[in-house]
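[1] no sequence on this one, just coordinates:
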């Protein structure tokens, strides 16, 4: 694309841009730490060639498919729920013919970056050139240097965390770690939502498998907690550094053990009211903090999402198909019980994410500016984009500085977008820092230190890497 | 005014401003599409000269009167509730003597634009020159080129939508359409709030007139729905393209017909509790979506306003007198039932407006980035201003791009402000796009396409024009 | 510090910066009006030298201590709760060794300003130079020109308001006013929270002292109200211009006197439910408005704070130790009863503050743009910082202009930071105004008028100075 500008995302003012360029160049080639994401470990274990451009850019990326869906395309035409796409070339043509929909979007930015830097595609995709670009990419995908492991090296990824079901045996992680031919660090992440929320579809079968794994009765609350602890220990043995929690509201409740136990038995029996299920889930988020204090797993919370908003789409295509929609968040009140008991605990780390931007200046920065345990989660999901990053930095920095953050999180299923996203973050931070330098708020030397730390020291500390 | 800068609202950085100027010039003279507003159709039918500067600039514009009220002026001095003002010249003097109150406000921007471009008034109004300016404007108002139709042509308005009561016979619209001397397209808009909300002051008399119009019993819910459908059909016959809904909260509920019918009968009887009235209104918003799916009227929702906040002012001066105050909005949860049933329906268009800016990135852009039916409403009311437009574009674009919007909406009662407002929007969008070009996020050629589309293709599609 | 740039906080664009410099220079040396803050009057009455750099910069400033606490430092090491610090030099070393935590924070900005302008410390503090800087500051503190009164003159403070308990005899204020050697105007502020909220820790003993002060029975509601009125009169006699109210939610309720009286009796007895206590507190905020209408004290509301979020920290170190955390605010609905009855009352002034930024454009500016009584509170606490000020101005100005504000409020306990904060505000406003001039939204002459008014006429009017 003629617009893969070497100065892209840097400030428009020339003097400020000059400063930003200095800062960006300092960090542009530093290794990538990716402590939270959704790349399947099998991708790197198997190291199979990517099938085709549609699989690579469209089918698995609900950021991309949702925009075409909004334009009237049926998800099945894109291979969603039918992957690989019945006709990947047809799906690719749809994407290219609707390229203008992605102008100035986060997805458009990543796609443009990947096409230009990895595949040498620098013209704007369109209906007219779709087939030609498809063929050029498909040809390159057959080359060894486009295999996942080769790209892993080329991307200079030092750490890559996956996201995994608590009952996963983590065999893929073990095999990767044992493989002398692979030098990367691929860590599992403990994600127990479906075992903690009685309203989750497969809750009962989940806890059946969980409790039977250590031979306790399904309705034994203490046994259930012990089983979770053992699965966490299993994850830690395989290198996990964090446990991740996706909740609609970040309610935490310190229930009396007798009450919690009673709620659990009724959760098993499927007789909880909605309000009781909410209380139980709130108590389990509190329990997760207790366990993190005990075993050292960093606790990350991704709150405020109404998942699977369109049930009709969920029924046809499953989860993660583009209709998880944010809702307002209240961290201050909801987390008070958790922070009261664990907020000052030694070595406890709690990273708070949200897609409701109002929480940055109102709640997350003030909490992180007091509690040693609280770290500010990076802009996530819809906010993982250049303007949103500027708003984020401006919202949290004056209250909490640069050292209460958790570093950039790509949170991606799209393996190829990892360097694009980290590069975006580095450019955006350089732009932010350069403005502050130009405004006389700190010196270039100080900004240089911060720029490096944001890429390395800050995530390394927050995620105990 | 010496400050009607030809580059006004364009970015401060010179290189970015140069790009913005190119983009702005491309769209500056394109025809105006105004698919939602409050100009009375009689204005164009009668084509009478405007009475005086106070009527033109003050009395009917609650944006303007509220600021003087906040400064201690009694609304009666401005002709509110007594229009035409007992003494229009005295009202005009008050405005000019308080001109500094409007510095950098949306109203101040429009007034300055109108005075400069239409009336050749380029000095700052003040107590000293109030009479002179009044006389100059009054003199020009007597000229034929300041009659409404002449201005309509001069403003190059292609489509102008009015907002109308469901029981309006739309005779003015019919007469305008039939008038060979008038070539404009003036469309009615169906606005049924007062027929759907049992707490509305004249609810019972409204539905009495409504149901008797088709000869059904007032307490016959099916008849009530049929009567609404027939009024919508009447509007469609007269060119209506949309139905507009102003609600405090955008609750939608899919009630069982038996329950809805029972609530309706008690609404007629005046015996609903507050909670039941809320449920009924929520059900009727759901019903409006069902009807829009059936008859094709675009559904627009203006949510989140506590109307008539000062009852004392309402009692003295009536509605729309400056004290409609925003409240927080939750679209994600409230609209789920509606979107579950109609969100994927073919050709259904739902445009979401709000004055709670937090919904842009959190809810509206994510919803519009998935549901083909959802369109992003433009910044409205207090947000219809240059800085607010930049915040809006920055909040929605990275998530939903440029093609899920609904175009600029002037929503005005002040006829003369229409070109000022559309010009503001075009300049603001040019400024936004130019920044993205300068930041290397897309090319000038791509930005040019977007700039034109935002003025023409985007509103034409969203409003089915 | 090499970065105490004379152009700091001015816009990055050169032409805009030139305009901002003109505006800033116009107001840089104007006297300081500080109508709300927390400097103890005894500081100026006693005029004792400051003890040491730790007392001056660390111990009393929870903005500063909280950041070190978040980094793992125990508050006792900083002298919190043990002030003066057991070892002030050790506390100072901790601050200097963690200087990078304050980069680009509000606290960092103030500290840098004070060190540079008052003490000639222009290098970045660090572990290496901590002792040297400590000694240089300590040496200067012994000089007469660093006594509080000398600094008061040097800072050119025209008015300084303190914040005081209703039962305070205000002897310090009286003594200051009577002291011919002191020419400053130091005004008390009536802050009755602990006497209005039945859930406040010492509520009963507070109202015991209050009611017995005028010899009425503790459970006599009318007597309680009369006692409050008399304390307000006492404050007014000592120069008070405002009454300040810190509440978690700004609920206001106009209760029937019989109901209010009954709630009060049960509040005295300690038998209120949580919901009743909320109602009573809401009624008392309404009563405070009634009293302000009667006696003319400006009513200021600082809403939306969950105070003492960490009970463990509160128990060890007391209040105001860094863990007051913001919560969402709803002013529109909560204030409706108060504004219904008093919003149009002559000479009633109600200044609305909040740390939930979303209220600026959504609620506060619209309310202030209609009600003559409502004034927009300045960015407060975490928002009292350069970027937050730009967001604030952008959020409120287009709706409410410049003349519905209340001027800058430093709200500080840190006496030395007063000029730093006011200078920050003046620079930030100059930056904002300069952008508008450069964008052609008003003229430089108009901006000059506004710049001066924001520093002088606006706070003087809002606070009746």
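    Sure thing, it's come through. Quick caveat, the model's predicted, so the values are computed rather than measured. Residues are numbered from 1 along each chain as shown, chains lettered A, B, ... in the order given.

[2] Going by C-alpha atoms from here, please, whenever you check contacts or count neighbours.
    Will do.

[3] need the residues of the stretch 351-465 of chain A near chain B, please.
    With CA under 8 Å from any CA of the partner chain as the criterion, the stretch 351-465 of chain A meets chain B at residues A:355-358, A:382-383, A:385, A:387-388.

[4] Would you mind marking which of those residues are also close to chain C?
    Filtering these for neighbours of chain C using CA under 8 Å from any CA leaves residue A:358.

[5] Tell me which two of the residues of the stretch 351-465 of chain A next to chain B sit farthest apart.
    A:358 and A:385 (16.4 Å; CA to CA).

[6] Of those two, which one has the most company?
    residue A:385 (24 against 21; other CA atoms under 10 Å in any protein chain shown).

[7] list the contacts for that one?
    A:105-106, A:379, A:424, B:398 (CA atoms under 8 Å, 6 or more residues apart in numbering or on different chains).

[8] Which ones among these map onto helices?
    A:106, A:424, B:398 (DSSP state H).

[9] contacting residues around the second one?
    The reference is to residue A:424. A:9, A:385-386.

[10] cool, and the last one?
    Shown here is residue B:398, whose contacts under the criterion CA under 8 Å, 6+ apart are A:104-106, A:382-383, A:385, A:387.

[11] how close does it sit to residue B:91?
    As defined by CA to CA, to the nearest Å, residue B:398 lies at a distance of 45 Å from residue B:91.

[12] Which positions in the stretch 1-150 of chain A make contact with chain C?
    Residues of the stretch 1-150 of chain A lying close to chain C by CA under 8 Å from any CA are A:13, A:16.

[13] where does the stretch 1-150 of chain A dip in pLDDT?
    Under the criterion pLDDT under 70, the flagged ranges of the stretch 1-150 of chain A are A:1-3, A:83-85.

[14] got the residues of the stretch 201-350 of chain A near chain B?
    So far as CA under 8 Å from any CA goes, the stretch 201-350 of chain A lies against chain B at A:306, A:309-312, A:322-323, A:325-328.

[15] Same check on the stretch 1-150 of chain A?
    A:2-5, A:7-13, A:66-67, A:69-72, A:101-106, A:109.

[16] Identify the residues contacting residue A:307.
    Residue A:307 neighbours (CA under 8 Å, 6+ apart): A:248, A:319, A:323-325.

[17] Could you tell me how many residues sit around residue A:76?
    Neighbour count for residue A:76, taken as other CA under 10 Å: 17.

[18] Of the contacts of residue B:398 - the most surrounded one?
    Of the contacts of residue B:398, with other CA under 10 Å as the count, residue A:106 tops at 27 neighbours.

[19] just the helices in the stretch 201-350 of chain A please.
    Secondary structure of the stretch 201-350 of chain A (DSSP state H, counting those that start in this stretch): helices at A:203-212, A:221-237, A:257-269, A:274-295, A:311-317, A:331-334, A:336-342.

[20] Take these and write them to a markdown table, including distance to residue C:28.
    Shown next, in a markdown table, are the helices of the stretch 201-350 of chain A (distance: least, CA to CA, whole Å):
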| stretch | distance to residue C:28 |
| --- | --- |
| helix A:203-212 | 64 |
| helix A:221-237 | 58 |
| helix A:257-269 | 61 |
| helix A:274-295 | 50 |
| helix A:311-317 | 60 |
| helix A:331-334 | 38 |
| helix A:336-342 | 43 |
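
[21] These into CSV, with extra columns for mean neighbour count and mean pLDDT?
    Shown next, in CSV, are those (neighbours: other CA atoms under 10 Å in any protein chain shown; pLDDT from 0 to 100):
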stretch, mean neighbour count, mean pLDDT
helix A:203-212, 18, 98
helix A:221-237, 19, 98
helix A:257-269, 17, 97
helix A:274-295, 20, 98
helix A:311-317, 15, 95
helix A:331-334, 20, 98
helix A:336-342, 19, 98
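
[22] do you know how far residue A:353 is from chain B?
    Residue A:353 is 13 Å from chain B, where distance means CA to the nearest CA, to the nearest Å.

[23] quick revisit: same list (the helices of the stretch 201-350 of chain A) but as a markdown table, adding distance to chain C.
    Supplementary listing: these in a markdown table, determined by distance: least, CA to the nearest CA, whole Å:
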| stretch | distance to chain C |
| --- | --- |
| helix A:203-212 | 33 |
| helix A:221-237 | 25 |
| helix A:257-269 | 22 |
| helix A:274-295 | 16 |
| helix A:311-317 | 30 |
| helix A:331-334 | 6 |
| helix A:336-342 | 6 |
